[in-house]
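J.: Sequence and predicted structure below; questions after.
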Amino acid sequence: MRLPRLTTTLFIDLAIWMIGFGLLMGIIFPFFILILGLNSNDVLSTQFFAASISAGLFVGTANYLLARWVVRPRLQRLSEHTRKVEAAVRNATYHDDWENCTSTVCQIPVDSRDEIGESISAFNDLVDALLLSHEVEAASADFAHSLSRQLELNQLANHALERILSYTDANAGAVLIERMGELVVIAQQGLTQTDQLITSEPVRRCLTANSLVSVILPVDIMIDAVMAHARPREVCLLPLTVEHTSLGLFLIAKTQEFTFHARRMMHIFQQSFSLALNNALAHEHLQTLAAIDALTGAYNRRFGLTRLNEEFQRTMRLDTPLGIMVLDLDHFKTVNDTHGHLAGDRVLARVAETIRGNIRTGDILVRYGGEEFLLILPSAPEEACRALGERLRCAVAELRVNTGQHVLHVTVSIGLSVFPNDEAESTQQLIQYADEALYLAKHNGRNRLVRFGAAPVVSNNQCGAPIAITPARRRVAAHC
Ligand SMILES: Nc1nc2c(ncn2[C@@H]2O[C@H](COP(=O)(O)OP(=O)(O)OP(=O)(O)O)[C@@H](O)[C@H]2O)c(=O)[nH]1
C-alpha cells in the first residue's frame, strides 16, 4: 500500500502521518474504553479526552522522532557518499586519474537487509558498472590509439596480439592474414607448431563462417608453457574483416574458459584491429608500388638497399647465411645500338622475368642500375647460391626475346658473395665483394658466375660445373 504524498519532504509527511495518527488514536481511545464496560461519565469527560489525545500526540511524535533518528542518518550517509563518488568520477573523467575511484573506495558496506540495504547494494552495482564501462572504454581507446601509431604490418600484428592477450587474460595467440590467396602467420605468441594452424579445421571454419569460432579442448593447438607444453581449455578465433572483405583472423587460447568480459573485449578489439590491419596492408601495398621499377617489376635501388639492410640485421641476429648476387647483362650496349632502346627494354624486362621465375618467394630482386640487378638471397648457404647462380646464368643464356623483327639472345655475368663466409662487416662490403667477383666474371670472358674469395671460383660459359681460376689469371684480370 502506498500513502499519498502530502508535501515534498519525506520527514514532514512522516510527521503529519504519525502525529495525525496519534491524534486520531487519542480521539478514538475513550470510545474503545467504553466497549470494555468502564463508566461513561469518567471516560467521556473532558479530562480523559485531553489525556488520551495528549498521549496519542506524544506517541505519534515519539514515533516520528525515532523514525527520523534511525532512518535519517543512513539516508544522509548514502547521499553524502553518492556525492563523494560523483565528485571523484567527475575529477577522474577530466584528469584521467582513477586512483580515487576504485571499487573499494567507492562502494558502501551493506549493513542491513532492508530497503536501505537494497538501495546501497544497487548503488554499489551501479559503481561497478560505471567502473567497468570506464575500464572497457579506456582499454578500447588505448588499443585503438596504440595501433594507430603502427603502420608496419608485422609490428602492428605483434603489438595488437600482445595487448589482446593481456586484456583478455589469454595465454597464447596468433594473427593470420590472407596473402595472395594463402594464409600466413604474421604474429604468434606462446603457440607451438603455428604452421599447422593454417590448415586447421577451426581456422577454416572461422574464415568460412566469418564469425567467432570457439573451440573447447582443441586437439590441434598446443600452448608453449614455460616448462612444458599445455593443451588450452578454450581457443577463440575471430575473423578480421573490413567491408565484407576478409583480411585474416586472430586466435587466442587459454588454459581455462574465457570469461564473459574477455569475450566482450575480443569483439571490441576485433573491429579496431581489422581497421588498423587494413590500413597497414594498404600502406604496405603503396610502399610496394612505390618500391617497384616499372620496366622490370624488380624492386628499385632505394627499397632494395633498405631490404638488404633489414636482411643483414636479421642474418646477424639469427646467425643464418645471406647470399648476394650482382647480375650484369653482357654487351648490352650493342643490343641497344643494334636493335634500338625499345628492344633493349624488352630484353631487360624478359631477363628480370626469367630471374623471378627461378627464385624463391623470400628472395629479393632489385634493379640496381641500368642493366644491372642485385639479388638478395636470405638464408641461402654458399652451395645453394652457386647452384642458383648457374641456373640463372643458363636460363638467361637460353632465353630468346622476340622483338617483332629479330629474335635476340643475351648472356649475363654474375658476381656472388656470401655472408658470413666472406666476413663482410656491412652490406656495402658485401655488395663490394659481389661487384669484385662480377668484375672478374666480365674479365674472364663474360657469361660466367664468379664466387668472391681469396681463390675465386669461376664457372665456364657452358651450363656445367664451375672451375677454379688460377691466381695468375686473376692478376691479369685485375689489370684489365
Ligand atoms: N634499353 C635500355 N638500356 C639501358 C637501360 N639502362 C641502361 N641501359 C643501357 O645499358 C648499356 C650498358 O652499357 P655498358 O655499361 O657499356 O655495358 P655493356 O655494353 O653491357 O658491356 P659489359 O657490361 O661490359 O658486358 C648502355 O647502353 C645503357 O644505355 C634501360 O633502362 N633500357
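T.: Looks like it came in fine.
J.: all contacts plus neighbour counts: C-alpha atoms, from now on.
T.: Fine.
J.: Point me to the residue of the stretch 151-300 of the chain nearest the ligand.
T.: L295 (7.5 Å; C-alpha to the nearest ligand atom).
J.: cool, and the stretch 351-480 of the chain?
T.: The stretch 351-480 of the chain approaches the ligand most closely through G370 (3.2 Å), counting by C-alpha to the nearest ligand atom.
J.: From R205, how far off is that residue?
T.: To R205, G370 is 49 Å away according to C-alpha to C-alpha, to the nearest Å.
J.: And the two? Which one has more around it.
T.: R205 (14 against 10; other C-alpha atoms under 10 Å).
J.: give the contact list for that one.
T.: Residues near R205 by C-alpha atoms under 8 Å, 6 or more residues apart in numbering: V213.
J.: and if we set it to 10 Å?
T.: 211-213, 237 (C-alpha atoms under 10 Å, 6 or more residues apart in numbering).
J.: swap in L75?
T.: L75 makes contact with 81, 116, 119-120, according to C-alpha under 10 Å, 6+ apart.
J.: repeat that for 7 Å
T.: With contacts defined as C-alpha atoms under 7 Å, 6 or more residues apart in numbering, L75 has no neighbours.
J.: Tell me the first helix or strand C-terminal of the one helix or strand it maps to.
T.: Element membership for L75 (DSSP states H and E) is helix 46-95. Next helix or strand after helix 46-95 toward the C-terminus (DSSP H and E): helix 103-106.
J.: That next one - contacts with which helices or strands?
T.: Based on contacts counted as 3 or more C-alpha pairs under 7 Å, 6 or more residues apart in numbering; DSSP states H and E, there is no element that helix 103-106 packs against.
J.: Now do it: everything it contacts.
T.: By C-alpha under 7 Å, 6+ apart, helix 103-106 touches 85, 127-128.
J.: quick one: buried residues of that helix?
T.: Neighbour counts over helix 103-106 (16 or more other C-alpha atoms under 10 Å) mark C106 as buried.
J.: Render the CA-only coordinates of that helix in CSV, please.
T.: Taking C-alpha atoms only, helix 103-106 is exported to CSV below (Å, rounded to 0.1, in the frame of the first residue of the first chain):
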residue,chain,number,x,y,z
SER,A,103,35.7,-0.3,-6.4
THR,A,104,36.9,-0.5,-2.8
VAL,A,105,37.0,3.3,-2.3
CYS,A,106,33.6,4.0,-4.0
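J.: so how far is that helix off the chain centroid?
T.: On the basis of C-alpha atoms, centre = their mean, to the nearest Å, helix 103-106 is displaced by 32 Å from the centre of the chain it belongs to.
J.: Beyond it, next helix or strand please.
T.: Counting by DSSP H and E, what follows helix 103-106 is helix 115-148.
J.: report the angle between the axes of that following helix and helix 46-95?
T.: 10 degrees (axes from the mean of the first three to the mean of the last three C-alpha atoms, to 10 degrees).
J.: Tell me which residues of helix 115-148 come out buried.
T.: Under 16+ other C-alpha under 10 Å, the buried positions of helix 115-148 are 116-117, 120-121, 123-124, 127-128, 131, 136, 139-140, 143-144, 147-148.
J.: just to revisit the earlier point, how far does the helix holding L75 sit from its chain's centre?
T.: With C-alpha atoms, centre = their mean, you get 55 Å for helix 46-95.
J.: What of stretch 292-310?
T.: That offset, for stretch 292-310, works out to 28 Å (C-alpha atoms, centre = their mean).
J.: what does that stretch rub up against?
T.: With C-alpha under 7 Å, 6+ apart, stretch 292-310 has contacts from 291, 348-349, 352, 365-368, 376, 427.
J.: Those residues of the stretch 301-450 of the chain touching the ligand, which are they?
T.: 329-334, 336, 341-342, 344-345, 370-371 (C-alpha under 6 Å from any ligand atom).
J.: and those as a markdown table, adding secondary structure and pLDDT?
T.: Formatted as a markdown table, those follow (DSSP: H, G, I helix; E, B strand; the rest coil; pLDDT from 0 to 100):
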| residue | secondary structure | pLDDT |
| --- | --- | --- |
| L329 | strand | 98 |
| D330 | coil | 97 |
| H331 | coil | 97 |
| F332 | helix | 97 |
| K333 | helix | 96 |
| T334 | helix | 96 |
| N336 | helix | 96 |
| H341 | helix | 95 |
| L342 | helix | 94 |
| G344 | helix | 96 |
| D345 | helix | 96 |
| G370 | coil | 94 |
| E371 | coil | 96 |
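J.: Can you pick out the most distant pair from the residues you listed?
T.: In terms of C-alpha to C-alpha, these reach their longest pairwise distance at D330 and L342, which sit 17.3 Å apart.
J.: For these two, indicate the residue with more neighbours.
T.: Taking other C-alpha under 10 Å, D330 and L342 do not tie; D330 has more neighbours (18 against 11).
J.: do you know how far that one is from Y299?
T.: 21 Å.
J.: Give me the buried subset of the residues of the stretch 301-450 of the chain next to the ligand.
T.: 329-330, 332, 344-345, 371.
J.: now, which of these sits nearest P218?
T.: E371 (54.3 Å).
J.: Now do the helices in the stretch 201-350 of the chain.
T.: In the stretch 201-350 of the chain, the segments counted as helices under DSSP state H, counting those that start in this stretch are 201-209, 260-290, 301-318, 332-339, 341-358.
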